[in-house]
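1. Just need the structure, nothing else, for what follows:
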Amino acid sequence: MSIKNIRLEVMQFLEKNVDSFVEQYLIPVEKIWQPSDFLPNSEGDNFFEEVRELREIAKELPYDFWVTLVGDTITEEALPTYESWLMDVEGINQIENGGNGWSKWIRQWTGEENRHGDLLNKYLYLSGRVNMREIEMTTQHLINDGFDIGTGSDPYKNFVYTSFQELATYVSHNRVAQMAKKFGDNKLSKMCKMIAGDEMRHHHAYSEFVTRIFAVDPSEMMLAFQYMMKQKIVMPAHFLRESGQKISSAFEQFSDSAQRIGVYTANDYVDIMQKLIDKWEIDKISNLTDEAEKARDYLMKLPARMARISERMVIPQESHIFKWVEPARL
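-> Here you go, the predicted structure:
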């Protein structure tokens, strides 16, 4: 049987548990928080006072903080790209018989994720501290440009990617929440904390999928994990650009801003890698082929190697001035 057919068989085997995955890792629509729970109430008599208070507190937040928050928001708003990509993964079928169990998971995961961009976009709009038109153009460019995360349609590689990426997004939103609180913006802190909580739940889900694949197809799962770590995890917004600029031209400067203020750093990348190695108990997996054993050896040594590389990284001290956030507004 070909590798592709085995993957399809494993996906069909796991699909029997999709309803329990939905029940365990996602929250029903009527019970989960919604963006309006954390924003000024536009139906209330105190709406304008609440907006004024939000704008006043927002004045205390520094430049790199705004750049990072905007970049995080744009990343969340490019959700259509992520959903369409995952719907093309082998074993996920959204057409025949109204779609299979995996397409149900993707749609409901997307429904939860969609609230994140909605909430942050409305906060940015009300804050008055950013150029919304520039942000909107960058978001449209990012959706237009799509992304290539190096997984192809392989479910094993895609689940490694989502396991890593959901945890990385948790780290980023959680750090922004901590910084917002430090600068006195408790409401923004609460928003980002709630988003971070969703991301952690989603991380637990995708990493559980990988755990279950390791149990039935350990060698191929090990090789997929090694492949993704060897080529490195690219961020969903790696094609980020400002209006009038070339594809991917803004990502490095955005990443520098996030590293400068400690929201997401090279050390975090290494830490997430180690967490996945520990979570999947890579050192204890048995019944591996010789090739998969070599892949395991590579993975076990990789965090230490990457840590040495990250120590040598130099981040520019000067902030790049983005069209999204004009210093004159701050």
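2. my read: Phe239 touches Leu142, true?
-> Yes: if you go by Cβ atoms under 8 Å, Phe239 and Leu142 touch, sitting 6.1 Å apart. Just so you know, the C-beta spots here come from the backbone N, C-alpha and C atoms, and that holds for glycine as well.
3. Please enumerate the helices of the chain.
-> Counting by DSSP state H, one finds helices in the chain at the ranges 3-15, 18-25, 47-58, 63-77, 79-86, 101-127, 132-145, 155-182, 186-216, 218-231, 251-260, 266-279, 290-311.
4. list the helices and strands the fourth one packs on?
-> Taking 3 or more Cβ pairs under 8 Å, 6 or more residues apart in numbering; DSSP states H and E as the contact definition, the neighbouring helices and strands of helix 63-77 are helix 101-127, helix 132-145, helix 155-182, helix 251-260.
5. can we see that at 10 Å?
-> With contacts defined as 3 or more Cβ pairs under 10 Å, 6 or more residues apart in numbering; DSSP states H and E, the packing partners of helix 63-77 are helix 101-127, helix 132-145, helix 155-182, helix 186-216, helix 251-260.
6. related to what we said a few turns ago, which residues are in contact with both of Phe239 and Leu142?
-> Shared contacts of Phe239 and Leu142, defined by Cβ atoms under 10 Å, 6 or more residues apart in numbering, comprise Ala78, Thr81, Ile247, Ala250, Phe251.
7. pLDDT value on the spatially closest residue to the first one that is not a sequence neighbour, please?
-> What that stands for is Ala78. Among residues not flanking Ala78 along the chain, Leu142 sits closest, at 4.6 Å (Cβ to Cβ, 6 or more residues apart in numbering). Predicted confidence (pLDDT) for Leu142: 97.
8. swap in the one 3 residues further on?
-> As predicted, Asp145 sits at a pLDDT of 97.
9. contacting residues around it?
-> Each residue near Asp145 by Cβ under 10 Å, 6+ apart is listed here: Ala78, Thr81, Ala237, His238, Phe239, Leu240, Arg241, Ile247, Ser248.
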